[in-house]
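Undergrad: Fold the stuff below for me.
(chains A and B)
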Amino acid sequence: MKILPIMGYTLIYSQIYEYIPYLIKGSLLSFTIAILSFFGGMFFGLLFATIRTFGPFYLNKIVVMYVNFFTNTPQLVQIYFLFFALPEFGILLSPFTAVLLGMTLNAAAYLTEIQRAGFLSIKNEELDAAKTMNFSISQQVRLIILPHIIKTIFPALSNHYILMTLGTSMAAIFGVEELMGRAFNINSLTFRSVEIFSLTALIYILITILATFCLATIGRYFFKVKMKII
Amino acid sequence: MQNLLAEFPSFFTYWNIIFLLKAMLVTFLLTAIGCLFGFTFGILLAVIRKTETIILLPLRIIVIFYIEIFRRIPFLVSLLLIFYIFQILKFSDSLFFIAVVTVCLIGTAFISEIVRSGIESINIAQWDAAKAMNFSYLQILKEVIFPQAWKVILPPAFGFFILFIKDTALASQIGVMELTYVGKVLNNKGFSPMLAFGSILILYFILSYPLYMLGKKLEKKYGTHKN
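TA: Numbering: from 1, shown residues only, chains lettered A, B, ... in the order given. Coordinates of the predicted model:
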């Protein structure tokens, strides 16, 4: 048993060792939230980026407004809004759905920007050639734009995925029992606050390092992108 | 919708508006202090990280650890950790101070990465040329690197300022009286959540949109010609 007294407070880590598996299981839920909202955001981001490139003027403006609004307001308040204000219209969301929906909407805004930056890097000649070959817009996006841009936007996407993994800690505020939520639970059980939150921080560091490593490997083998791990 | 309109006059009273504006000021101060501190120390850390002498190796390792660790802890976790550590150390009981310390710590780590990428965007040949002209390390940074690098640093830095405005919303969890907390208070007072959180969202938007536009303008100005 390690006891380190600091200013009259003793850090006792041994009391919380038994909760480590519980926390790790919670981190799986964090991962689920992050990955679901990331892919949801990717889908809507692709749709919105396509609208921004090919869409009509008014639709384009609406997407710009959506992106500006969601990138300039805090995700926490957005989820508060979804969770507390939507019931006024008779839409009752469970905490998990509210968090997932909020994170997806937020991610969609950021990923629209990232993917649009990729869209702009495509040469116009290629799109013109595709148009002459009678490709539809969805064909142009799927067959010409995506294979090109995945390489350029992959580092930005993986960066955003890491930020989103950190963002899942917000779910705890709404009572979802993911990593941070479980840390809150153990905190109220044992009152070993510093120990628990430092352990949680360590788990977050390990998760994100693992994610960075996996993404770098995927990038290297599938998309031939060289990414620095540190 | 009818109820919402009926609630308008009782929501936007003089004192409520003062309350909201004060909260907005707190959010702004948190961000501004964090950014100023973060920018100063972020540049310092990036400069230390780019040094090459053996003597500074331990310092470099500490800096790398600091940056990598603080970029990988969620704001909420570091906020609570610092909150409880301060409680143990009996250092300060001001919630605002705790939030400022957290924003500064995280801001330093994030901005230092931006500054580093800015420094690395300058061609290595310029370093060699400056070294051949017998410039010292600080001279190279001051005379050659930063005059070019700040164009690469500024646009993403504005993005991170906005990120901080949004991250400080989490400070409401420890009870700092900033915008989100005030939104919760107004909601608890019985105002419709639609109105309370809606006005908070709009105030956040007012706070960060000018920064966003400025960042975009700078990006347009400097983004086209890269060396």
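Undergrad: and residue A:134, which of the three is it?
TA: coil (DSSP: H, G, I helix; E, B strand; the rest coil).
Undergrad: same question, residue A:11
TA: strand.
Undergrad: Contacts only, for residue B:107.
TA: Contacts for residue B:107 were tallied using CB atoms under 8 Å, 6 or more residues apart in numbering or on different chains; they are B:34, B:35, B:37, B:38, B:39, B:42, B:160, B:164. C-beta coordinates here come from the backbone N, C-alpha and C atoms, glycine included.
Undergrad: how about low-confidence regions in chain A?
TA: A:1-8, A:229-230 (pLDDT under 70).
Undergrad: what does it have sitting close to chain B?
TA: A:6-7, A:9, A:68-69, A:71-78, A:80-81, A:84-85, A:87-88, A:162, A:166-170, A:172-173, A:180, A:183, A:193-194, A:197-198, A:200-201, A:204-205, A:208-209, A:230 (CB under 8 Å from any CB of the partner chain).
Undergrad: of those residues, buried ones?
TA: Neighbour counting by 16 or more other CB atoms under 10 Å in any protein chain shown classes A:68-69, A:71-78, A:80-81, A:84-85, A:162, A:166-170, A:172-173, A:180, A:183, A:193-194, A:197-198, A:200-201, A:204-205, A:208 among the residues of chain A next to chain B as buried.
Undergrad: which other helices and strands contact the longest helix along chain A?
TA: Secondary structure of chain A per DSSP state H: the longest helix is helix A:20-54. Judged by 3 or more CB pairs under 8 Å, 6 or more residues apart in numbering or on different chains; DSSP states H and E, the packing partners of helix A:20-54 are helix A:57-71, helix A:95-120, helix A:146-167, helix A:179-190, helix A:193-222.
Undergrad: Can you say which of these is packed in most?
TA: helix A:95-120 (a mean of 21; mean count of other CB atoms under 10 Å in any protein chain shown).
Undergrad: from the middle of its chain, how far away would that helix be?
TA: Relative to the chain's own centre, helix A:95-120 is displaced by 8 Å; criterion: CA atoms, centre = their mean, to the nearest Å.
Undergrad: Can you spell out which helices and strands pack onto that helix?
TA: Using 3+ CB pairs under 8 Å, 6+ apart, helix A:95-120 sits against helix A:20-54, helix A:57-71, helix A:75-80, helix A:146-167.
Undergrad: Residues touching the third one, excluding its own?
TA: Translated: helix A:75-80. A:70, A:98-99, A:102-103, A:105-106, A:167, A:170, A:173-174, B:166, B:169-170, B:172, B:179-180, B:183-184, B:193, B:197, B:200-201, B:204.
Undergrad: try it again with 7 Å
TA: Outside helix A:75-80, the residues within contact range by CB atoms under 7 Å, 6 or more residues apart in numbering or on different chains are A:98-99, A:102-103, A:105-106, A:167, A:170, A:174, B:166, B:169-170, B:180, B:183, B:197, B:200-201, B:204.
Undergrad: picking that back up, of all the helices and strands packed on helix A:20-54, which one is nearest residue B:144?
TA: With CB to CB as the criterion, residue B:144 lies closest to helix A:146-167 of the helices and strands packed on helix A:20-54, at 26.9 Å.
Undergrad: Can you tell me the centre-most residue of chain A?
TA: residue A:164 (2.8 Å; CA atoms, centre = their mean).
Undergrad: can I get the helices and strands packed on helix A:95-120 in CSV with distance to residue B:131?
TA: Output for the helices and strands packed on helix A:95-120, formatted as CSV (distance: least, CB to CB, whole Å):
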stretch, distance to residue B:131
helix A:20-54, 44
helix A:57-71, 41
helix A:75-80, 45
helix A:146-167, 30
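Undergrad: Out of these, which gets nearest to residue B:11?
TA: Of all the helices and strands packed on helix A:95-120, helix A:75-80 comes closest under CB to CB, at 16.7 Å.
Undergrad: what does chain B put close to chain A?
TA: For chain B, the contact set with chain A under CB under 7 Å from any CB of the partner chain comprises B:64, B:68-69, B:72-74, B:76-78, B:80-81, B:84-85, B:88-90, B:162, B:166, B:169-170, B:173, B:180, B:183, B:187, B:192-194, B:197-198, B:200-201, B:204-205, B:208-209, B:212.
Undergrad: could you flag which of those residues are buried?
TA: B:68-69, B:72-74, B:76-78, B:80-81, B:84-85, B:162, B:166, B:169-170, B:173, B:180, B:183, B:187, B:192-194, B:197-198, B:200-201, B:204-205, B:208-209, B:212.
Undergrad: Run through the residues that contact residue 66.
TA: All of this refers to chain A. So residue A:66 contacts residue A:109 (CB under 7 Å, 6+ apart).
Undergrad: um, chain B though
TA: Counting by CB under 7 Å, 6+ apart, residue B:66 has contacts residue B:109.
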